[in-house]
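Asks: no sequence for this one, just the structure:
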């Protein structure tokens, strides 16, 4: 009888130690409601607006999710504070789309150290200490843009022309990847020359307009503009239009939002755009898998598509536009 009592006491003590740990283990048991925090870089850029819409729509389809959305207001320090607030609230999971890779690395690691799974969306961080990364392959997108630019300027081995490249942000890996992919093909063409050093439009239409306006004043011959997103490509187009030179220049962008880039391609204002799908909805679905105890891939790469005037109408039709 004493042995049985001692055995029971040991079992009770072990349970007392294990139970608190189990509370912090994803998939320990299902919860009626999961609280998931999402830190977004900014809500100003159209692609980010669509990103948020996709994520919120997916959350509405998940009755066991309470989604907390924080706007980083395009400031790294604000994003850091937002994620730290999620950690203090002891949310079940964190989704984050960083403004800058280096600046958000520390707080992502801090969340992971607190036992909160972190799914990084779009731009990455400078660490492997996260649960999962989801986004488009910016190198592949840049390569698609580079190949298309070569075709538009005369074809492989024959391409000729002057190019203006407008960067999204010199401190973001996405911009470097989109540039490197592009140059993989355009640098191989001896007839292609570049007119500007690295000029950052910070992903914004008005800043790209100013960069292009200056380029137009300084260079009489510009054949092609590659903007690292559609708003910047369109800003460059508007600057050229105001100077009466838009018909002499080809404009390439990235994002491929139906009500933005695809419309501009369909109107002939952009020569092409390259789809950069938003990762919001997939991010939420993957977070729920993690919380259910399922094993997920460390990296999920979303596909791209070249959008020209040939397929733009079909894309618009599919989206009710």
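Replies: Sure thing, it's come through. Values in this document were obtained by computation on a predicted structure and should not be read as measured data.
Asks: For the residue lying closest to residue 299 once chain neighbours are set aside, grab phi and psi.
Replies: Spatially, and ignoring its direct neighbours in sequence, residue 299 is nearest to residue 133 (5.2 Å; Cβ to Cβ, 6 or more residues apart in numbering). C-beta: built from backbone N, CA, C; applies to glycine. When quoted as degrees, to the nearest 10, the phi and psi of residue 133 stand at phi -120, psi 140.
Asks: So residue 133 sits against residue 120, correct?
Replies: Yes - assessed by Cβ atoms under 8 Å, residue 133 is found in contact with residue 120 at 4.6 Å.
Asks: between the two, which one's more packed in?
Replies: residue 120 (25 against 21; other Cβ atoms under 10 Å).
Asks: Tell me the secondary structure at that one.
Replies: strand (DSSP: H, G, I helix; E, B strand; the rest coil).
Asks: Would you mind measuring from it to residue 248?
Replies: Relative to residue 248, residue 120 is positioned 41 Å away (Cβ to Cβ, to the nearest Å).
Asks: just checking, what packs against the helix or strand where residue 283 lies?
Replies: If you go by DSSP states H and E, residue 283 is part of helix 280-291. When contacts are defined as 3 or more Cβ pairs under 8 Å, 6 or more residues apart in numbering; DSSP states H and E, helix 280-291 packs onto strand 34-40, helix 46-60, strand 65-71, strand 93-96, strand 118-121, strand 132-136, strand 299-302.
Asks: can you redo those as JSON lines with distance to residue 188 and mean pLDDT?
Replies: Formatted as JSON lines, the helices and strands packed on helix 280-291 follow (distance: least, Cβ to Cβ, whole Å; pLDDT from 0 to 100):
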{"stretch": "strand 34-40", "distance to residue 188": "38", "mean pLDDT": "98"}
{"stretch": "helix 46-60", "distance to residue 188": "30", "mean pLDDT": "95"}
{"stretch": "strand 65-71", "distance to residue 188": "42", "mean pLDDT": "97"}
{"stretch": "strand 93-96", "distance to residue 188": "37", "mean pLDDT": "98"}
{"stretch": "strand 118-121", "distance to residue 188": "33", "mean pLDDT": "98"}
{"stretch": "strand 132-136", "distance to residue 188": "24", "mean pLDDT": "96"}
{"stretch": "strand 299-302", "distance to residue 188": "25", "mean pLDDT": "96"}
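Asks: Those into CSV, with extra columns for distance to residue 317?
Replies: Below are those laid out as CSV (distance: least, Cβ to Cβ, whole Å):
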stretch, distance to residue 317
strand 34-40, 30
helix 46-60, 18
strand 65-71, 31
strand 93-96, 32
strand 118-121, 29
strand 132-136, 23
strand 299-302, 22
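Asks: For residue 292, which of those is the nearest?
Replies: Nearest to residue 292 among the helices and strands packed on helix 280-291 is strand 34-40 (9.5 Å), distances taken as Cβ to Cβ.
Asks: Check which helices and strands the closest one is in contact with.
Replies: By 3+ Cβ pairs under 8 Å, 6+ apart, strand 34-40 packs against helix 46-60, strand 65-71, helix 76-89, strand 93-96, helix 280-291.
Asks: buried sites along stretch 153-165?
Replies: Judged by neighbour count (16 or more other Cβ atoms under 10 Å), stretch 153-165 contains these buried residues: 153, 159, 161, 162, 163, 164, 165.
Asks: tell me the contacts of the first one?
Replies: In this structure, residue 153 makes contact with 159, 160, 161, 189, 191, 192, 223, 224, judged by Cβ atoms under 8 Å, 6 or more residues apart in numbering.
Asks: Per-residue pLDDT of it, please?
Replies: Here, the pLDDT recorded for residue 153 equals 98.
Asks: gap between the residue nearest to residue 309 when sequence neighbours are not counted and residue 180?
Replies: By the measure of Cβ to Cβ, 6+ apart, the closest residue to residue 309 outside its immediate chain neighbours is residue 265, 6.0 Å from it. From residue 265 across to residue 180, the span is 24 Å (Cβ to Cβ).
Asks: Give me the more crowded residue out of these two.
Replies: residue 265 (28 against 15).
Asks: Surely the more buried one and residue 307 touch.
Replies: Yes - using Cβ under 8 Å, residue 265 makes contact with residue 307 at a distance of 5.6 Å.
Asks: Just the helices from the chain, written as ranges.
Replies: Using DSSP state H, the helices of the chain run over 2-23, 46-60, 76-89, 101-113, 138-152, 173-186, 205-218, 230-242, 263-266, 280-291, 312-318.
Asks: just to revisit the earlier point, how far is the helix holding residue 283 from where the chain is centred?
Replies: Centroid separation between helix 280-291 and its chain, computed with Cα atoms, centre = their mean, to the nearest Å, is 16 Å.
Asks: what's the angle from that helix to strand 34-40?
Replies: 140 degrees (axes from the mean of the first three to the mean of the last three Cα atoms, to 10 degrees).
Asks: Show me what helix 280-291 is in contact with.
Replies: Here helix 280-291 has contacts from 26-27, 31, 34, 36, 38, 51-55, 57-59, 62, 65, 67, 92-93, 95, 117, 119, 121, 131-132, 134, 296, 300, 302, using Cβ under 8 Å, 6+ apart.
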